[in-house]
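>>> Sequence and predicted structure are below.
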Amino acid sequence: MSLTEKTDVTPRRDGKLFEDGTLVFERLLPGPMARVWSYVADGEKRARWIMAGDMTRTGRHTMTFNHTELSGEVAPDRFAVMREPVCFTVEVLEVSPPHRLVFTWPDHDNAPPEKTGTVTIELKPVGDRVLLRLTHTHPTAVRHQMRNHTGGWHTHLDLLEDALSGLGPRPFWTTFAGVEADYERALGGREHNTVAVTVEKDFTAPAAKVFAAWLDPAMVSRFIVGPQVRDEHLLGVDLDPVPGGAFSFKVERSGQAIDHIGHYYEIETPHRLSFSWGIAGESDPRDSRVTIRIAETASGCRLTLTHDMRLEWADYADRTRDGWTFMLDRLDAILG
């Protein structure tokens, strides 16, 4: 089995709902970037998967939902108001083609700022495909609203995939009902399905040097895996440091081979790196995501590492935090 075959680069389709109410979706879509961006920013193309309206420039703009035209399926009684076109106003806060779009998401038209959420759509190339990340934050949304947003965004993104893949749109309301039921069963009585661990570390070394260490096999074997990190024997460090490239950090510990595997999603030198993270045969890397942000400071740089994982791994949060803290301390000592 080749390195690239060890893990699946495709992120999970379901949304990550965090304890603070933040909702994150990631989809790996058919490229190229310009085509995907056109379905995000161009009102006519966006209307094929969610809503029409100008998002090519900042400012307040009217959006139109026409769910009946999305797939031809009429809304059920619960959403009878959506049987006719529904208009509301958003404020487009940022337009950075073809990478980033940010706009407000009110509870209702003319909602005050304290009751206005924010949606951020980011696009990153991964080989010949495009990673879309949609982040919906809302300062006051209650549990049932965020669950509704979760099922809604999931279904709309399904329709976006259909459009980009040249397929006819799946029935919106039937799909939404199934998706919503799936989330209800998965969440049960919980309000979130993802936990996040964050660790910060100040370095005197420059940002470029700190960033480079994460993609250097020799450095990886000094602060992430190997006998200099813990009581284990290093079997090999292999990595392909490009978006979509895989890695394998293999060690022998207490007579057992352990292979840390994943794929890189973002490599933006020297400020941002993200990758999936798992152990072959034990955990699916798609259940676990590490994001590293490095900001320059007057004395060097500050690294912020966030490791998010599915809720069933919550019992490992403290151990995960301690592990990354130890590794960052090791990196600091090595870089001096």
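Arrived safely, thanks for sending.
>>> From now on I want contacts and neighbour counts done on CA atoms only, so please keep to that.
Noted.
>>> Which parts of the stretch 51-200 of the chain are helices?
67-71, 143-164, 172-187 (DSSP state H, counting those that start in this stretch).
>>> now the ones you listed as JSON lines including mean pLDDT and distance to Ala314?
Converted to JSON lines, the helices of the stretch 51-200 of the chain look like this (pLDDT from 0 to 100; distance: least, C-alpha to C-alpha, whole Å):
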{"stretch": "helix 67-71", "mean pLDDT": "94", "distance to Ala314": "37"}
{"stretch": "helix 143-164", "mean pLDDT": "89", "distance to Ala314": "20"}
{"stretch": "helix 172-187", "mean pLDDT": "94", "distance to Ala314": "14"}
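>>> Let me know which of these is the nearest to Val40.
Closest approach to Val40 among the helices of the stretch 51-200 of the chain (C-alpha to C-alpha): helix 143-164, 9.2 Å.
>>> buried ones in that closest one?
146-147, 149-163 (16 or more other C-alpha atoms under 10 Å).
>>> Who are the packing partners of that helix?
Applying 3 or more C-alpha pairs under 8 Å, 6 or more residues apart in numbering; DSSP states H and E, one finds that helix 143-164 contacts strand 23-30, helix 172-187.
>>> what's the angle from it to helix 172-187?
On the basis of axes from the mean of the first three to the mean of the last three C-alpha atoms, to 10 degrees, helix 143-164 is oriented at 130 degrees to helix 172-187.
>>> Now find how far off-centre helix 143-164 is within its chain.
Centroid separation between helix 143-164 and its chain, computed with C-alpha atoms, centre = their mean, to the nearest Å, is 14 Å.
>>> And stretch 56-64, by the same measure?
Counting by C-alpha atoms, centre = their mean, stretch 56-64 is centred 25 Å from the centre of its parent chain.
>>> Now do that stretch: everything it contacts.
41-42, 51-55, 85-95 (C-alpha atoms under 8 Å, 6 or more residues apart in numbering).
>>> mind running it again at 10 Å?
The contact list for stretch 56-64, computed with C-alpha atoms under 10 Å, 6 or more residues apart in numbering, reads 38, 40-43, 47, 50-55, 85-97, 101-104, 109.
>>> circling back: nearest to Lys201, out of the helices of the stretch 51-200 of the chain?
The nearest among the helices of the stretch 51-200 of the chain, by C-alpha to C-alpha, is helix 143-164 at 32.4 Å.
>>> got the angle for that closest one vs strand 23-30?
Compare the direction of helix 143-164 with that of strand 23-30 by the same axes, to 10 degrees and you get 10 degrees.
>>> So which of the helices and strands packed on helix 143-164 is nearest Cys301?
Closest among the helices and strands packed on helix 143-164, using C-alpha to C-alpha: strand 23-30, at 27.2 Å.
>>> Any buried residues in the helix or strand that the closest one is followed by, and which?
Of the helices and strands lying after strand 23-30 in sequence (DSSP states H and E), the nearest is helix 33-41. The neighbour-count check on helix 33-41 (16+ other C-alpha under 10 Å) flags Met33, Val36, Trp37, Ser38, Tyr39, Val40, Ala41 as buried.
>>> mind checking how far the second one is from Leu93?
Put plainly, it is Val36. Going from Val36 to Leu93 by C-alpha to C-alpha, to the nearest Å gives 20 Å.
>>> residues contacting Leu235?
Taking C-alpha under 10 Å, 6+ apart, we find Leu235 in contact with Val225, Gly226, Phe249, Lys250, Val251, Glu252, Ala257, Ile258, Asp259.
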